[in-house]
Structure formats: structure tokens, C-alpha cells
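In: sequence first, predicted model second:
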Amino acid sequence: MAAAGAAGSKGAGMCPDENLKVAMMFHIHNAENASRIKEAALDKSITSLTLRRTLLPALPLSTLPTHITTLDVAANSLGPHAFNTLLLFASKHPTLTSLDASNNLASNDCCASVSRLVASNPRLLSLSVANNPLTTSASKALGDALAANRTLQHLNVSSCGLVDAGALFE
């Protein structure tokens, strides 16, 4: 796995490798770095994109290439509005099979978006919304969505405040 610390160091080329993950572990500080992230994301050989603790406006979701199958945007403090936008995007993305949206300051108002994503994306195999305060009211809606989805293999809702996990399986 190759990683780009701050979108790669000067002079270091990005190796287009099928398993390459563009890992951004710190905030993007200038337009040059943002440009490098966009350039790497557009490389058709890259199928997995990790943008943790970054400034996501550097790569608008609407421009995310359709060849990306794994998207990790954990720990970006998106807030409820951006979180809902992310899930709406993910529900319509043609190849996305794995999404990590954990620790993004979602609110209980985001429960419907999580349920809609699970129910509407038949390609989604893995979803993490851990450490987002979705609370128990999400249990029933998410349970109904899980009943409709026959492909999801991994769902992480740890530390979301889902007190009645049994409602997920009713």
C-alpha cells in the first residue's frame, strides 16, 4: 500500500497501482496539495480513496470518479448536512461497495439517510457510521432497511447510541 502523507512529497511520483490508497492523514494546506489529491483520485487504476481528517471541499463528491469502489471519509467532522449529502451521493454511486463515514458529527436527523442508503444501494457491502450519535430511534428504520438489503455484509454502528440493537433484526 502506498500512501501520500501530504499528497506526496515534492518530486515523488504516485505509482498507479491497483491497490493504491491515497491516504490523507492531515489537513490540506494549499492548492498544490489539493490539486495532487484530485489528480490521484482521477487515476483510473485507483479504486480505494481514503480522505481522513482532511478538508473535503478539496475533492467535491460530485466529481468523485465512478471507478472508486472504497471511500473512507472518517473523522472529517462533516456535521449533519454534509453527512446527509455524503450518504445521498453514496446511494447513487454506481460502483461504491464500501463506505466509512464514521466519526463525522452526524445527528439523529441523519438516521433516515443511513436507512435510505442501506435500502437503496444493492452494491454496498460494507458501511461504517460508528461514533455518530444516531441514537435508538434509528434502530427500527435501519432494521427495515437491512431487511430490504441482501448484499450488505458489514455494518458498523458501534458507539452510535443504539440502545435497542434487537430492533435491527425484528
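Out: That came through, no problem.

In: now the helices for this protein?
Out: 31-42, 79-92, 111-120, 138-148 (DSSP state H).

In: can you list the low-confidence ranges for the protein?
Out: 1-38, 40-41, 54-63, 137, 163-170 (pLDDT under 70).

In: so which of the helices of the chain is the most packed in?
Out: With neighbours taken as mean count of other Cβ atoms under 10 Å, the helices of the chain reach their highest mean count in helix 111-120, at a mean of 21. (Each C-beta comes from the backbone N, C-alpha and C, glycine too.)

In: counting by contacts, list what that one packs against.
Out: Where contact means 3 or more Cβ pairs under 8 Å, 6 or more residues apart in numbering; DSSP states H and E, helix 111-120 is packed against helix 79-92, strand 126-128, helix 138-148.

In: helices or strands next to the first one in the packing?
Out: Contacts of helix 79-92 with other secondary structure elements, assessed using 3+ Cβ pairs under 8 Å, 6+ apart, are made with helix 111-120.

In: between helix 79-92 and the helix it packs on, find me the angle.
Out: 10 degrees (axes from the mean of the first three to the mean of the last three Cα atoms, to 10 degrees).

In: sorry, back to before: got a markdown table for the helices and strands packed on helix 111-120, with distance to residue 66 too?
Out: A markdown table is the format used below for the helices and strands packed on helix 111-120 (distance: least, Cβ to Cβ, whole Å):
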| stretch | distance to residue 66 |
| --- | --- |
| helix 79-92 | 11 |
| strand 126-128 | 18 |
| helix 138-148 | 24 |
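
In: so which of the ones you listed is nearest residue 118?
Out: Taking Cβ to Cβ, helix 138-148 is the member of the helices and strands packed on helix 111-120 nearest to residue 118, at 3.9 Å.

In: just the CA atoms of that closest one, as CSV, please.
Out: Below are the C-alpha coordinates for helix 138-148, written out as CSV (Å, rounded to 0.1, in the frame of the first residue of the first chain):
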residue,chain,number,x,y,z
ALA,A,138,-32.6,4.7,14.2
SER,A,139,-32.9,1.1,15.2
LYS,A,140,-36.4,0.4,13.6
ALA,A,141,-35.8,2.3,10.4
LEU,A,142,-32.3,0.7,10.0
GLY,A,143,-33.8,-2.7,10.7
ASP,A,144,-36.3,-2.3,7.9
ALA,A,145,-33.6,-1.2,5.6
LEU,A,146,-31.5,-4.2,6.5
ALA,A,147,-34.4,-6.5,5.7
ALA,A,148,-34.6,-5.0,2.2
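
In: kindly check the end-to-end length of stretch 126-140 for me.
Out: Length of stretch 126-140, first residue to last, Cα to Cα, to the nearest Å: 20 Å.

In: may I see the buried residues of that stretch?
Out: 127-132, 134, 137-139 (16 or more other Cβ atoms under 10 Å).
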